[in-house]
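Engineer: Fold the stuff below for me.
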Amino acid sequence: METEKPKDTILATTADAIRLAKTLMRTARHGAIATLDPETGWPTATRVGVSTDFDGAPIILISRLAAHTKALLKDVRCSLLLGAPGKGDPLAHARVTLACAAREIEPNSDDAKRMANRYLCHQPKAQLYVGLGDFRFFRLEPQSASLNGGFGKAYALTAAELLNANPASAELTATEPGAVEHMNDDHSEAVGLLAEHFARAEPGRWRLVGVDAEGMDLVDGDDVRRVWFDTELTSAKDMHMTLVRMAGEARRGLDRPLKDARVAS
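Structural biologist: You can find the predicted model right below:
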């Protein structure tokens, strides 16, 4: 008599699953990192503040005095759990667990400056720590991921599926800080319309905190929203034109004209 083979609990990867994993990564402000204690070898889990590099890799800012920092300097392997539970059963909410290799970033390097800009946009209170000598940025290089999108929705994702390898990234990375500052300082009304229309958010004091090749991140207090572009950006000019187009679309969709229809100069 043949025995029934157990069903594979891992579903075939879909575009929606990849989008969900990336959304969890882009909108996370904190996560649980598990490292290997260099003295005992036992895993230790702690909470860390999180942002993302331009391509989507997680960024953390941690003190060299912390136990998890000492562990990462000894063994770069770590695991990062992202996804905040909401109301009801915490296990019913989506989360992603990333298997990563941690890379310490040299202070005052171009990488450190880029990461500081992105991290502080998401974590403005971390300004207190950036200037302290014992704090360092670490980039967590994803090797693979386990996505749980809710009951019966398990996926195994690769590093290539998690990160964005857009060839225009260098140009876009250089342009992003100025674009973010300009939008928030000169076109805050447009930022609010983008949040309300594309992220279905309630009106508030929305700020743009990041623009990458695939989308933008918007924040109002503790509420973080991800808005995805229809197509990936190809240049700095494309970034400008996309923001202009989307602001116009939001204005028309909400039937609330902008005080200044020019989104960027």
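Engineer: list the buried ones in stretch 169-185?
Structural biologist: Taking 16 or more other Cβ atoms under 10 Å as the neighbour-count basis, stretch 169-185 is seen to contain the buried residues 169, 171-173, 175-177, 179-180, 182-184. The way it works is simple: take the backbone N, C-alpha and C, and place the C-beta from them, glycine included.
Engineer: now it, how far from the centre of its chain.
Structural biologist: 16 Å (Cα atoms, centre = their mean, to the nearest Å).
Engineer: and for the helix or strand containing L72, what are the contacting residues?
Structural biologist: Assigned by DSSP states H and E, L72 falls within helix 67-74. Counting contacts by Cβ atoms under 8 Å, 6 or more residues apart in numbering, the residues outside helix 67-74 that touch it are 33, 35-38, 44, 46, 48, 62-64, 78, 102, 104, 136, 138.
Engineer: try stretch 114-122
Structural biologist: Under the criterion Cβ under 8 Å, 6+ apart, external residues in contact with stretch 114-122 comprise 29, 49, 51-54, 59, 61, 105, 126-127, 130, 137, 139, 173, 177, 180, 209-210, 217, 219, 224.
Engineer: Now do the SS call for the residue lying closest to E106 once chain neighbours are set aside.
Structural biologist: Counting by Cβ to Cβ, 6 or more residues apart in numbering, the nearest residue to E106 once its immediate chain neighbours are dropped is A112, at 6.4 Å. Recorded secondary structure, A112: helix (DSSP: H, G, I helix; E, B strand; the rest coil).
Engineer: Tell me how many other residues crowd A112.
Structural biologist: Look at A112: counted by other Cβ atoms under 10 Å, it has 17 neighbours.
Engineer: sec struct for T234, please.
Structural biologist: The three-state label given to T234 by three-state DSSP is coil.
Engineer: So which of the buried residues of stretch 169-185 is the closest to L20?
Structural biologist: The closest of these to L20 turns out to be S169 (Cβ to Cβ; 22.3 Å).
Engineer: And the closest one, how close does it get to A159?
Structural biologist: Using Cβ to Cβ, to the nearest Å, one obtains 16 Å as the distance from S169 to A159.
Engineer: Which residue ranges make up the domains of the protein?
Structural biologist: The record assigns the chain these domain ranges, following automatic domain parsing: 10-162, 169-252.
Engineer: Export those domains to TSV and append columns for mean pLDDT.
Structural biologist: Shown next, in TSV, are the domains of the chain (pLDDT from 0 to 100):
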stretch	mean pLDDT
domain 10-162	94
domain 169-252	96
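Engineer: which of the contacts of stretch 114-122 count as buried?
Structural biologist: Taking 16+ other Cβ under 10 Å as the criterion, what is buried in these is 49, 51-54, 59, 61, 105, 130, 137, 139, 173, 177, 180, 209-210, 217, 219, 224.
Engineer: the strands in the protein, which residues?
Structural biologist: For the chain, strands defined by DSSP state E occupy the ranges 10-11, 30-36, 43-49, 51-52, 58-63, 77-82, 95-104, 135-148, 154-158, 207-211, 215-220, 223-228.
Engineer: first vs last residue of stretch 64-83, how far apart are they?
Structural biologist: For stretch 64-83, the first-to-last residue distance is 26 Å (Cα to Cα, to the nearest Å).
Engineer: Mind listing what's buried along it?
Structural biologist: Along stretch 64-83, these residues count as buried under the neighbour rule (16+ other Cβ under 10 Å): 68-69, 71-72, 76, 78-83.
Engineer: if we take those residues, which one ends up nearest to T242?
Structural biologist: L82 (26.5 Å).
Engineer: and the gap between that closest one and K22?
Structural biologist: In this structure, L82 and K22 are separated by 11 Å, where distance is defined by Cβ to Cβ.
Engineer: Please apply the same query to M239.
Structural biologist: Remark: distance between M239 and K22 (Cβ to Cβ) = 19 Å.
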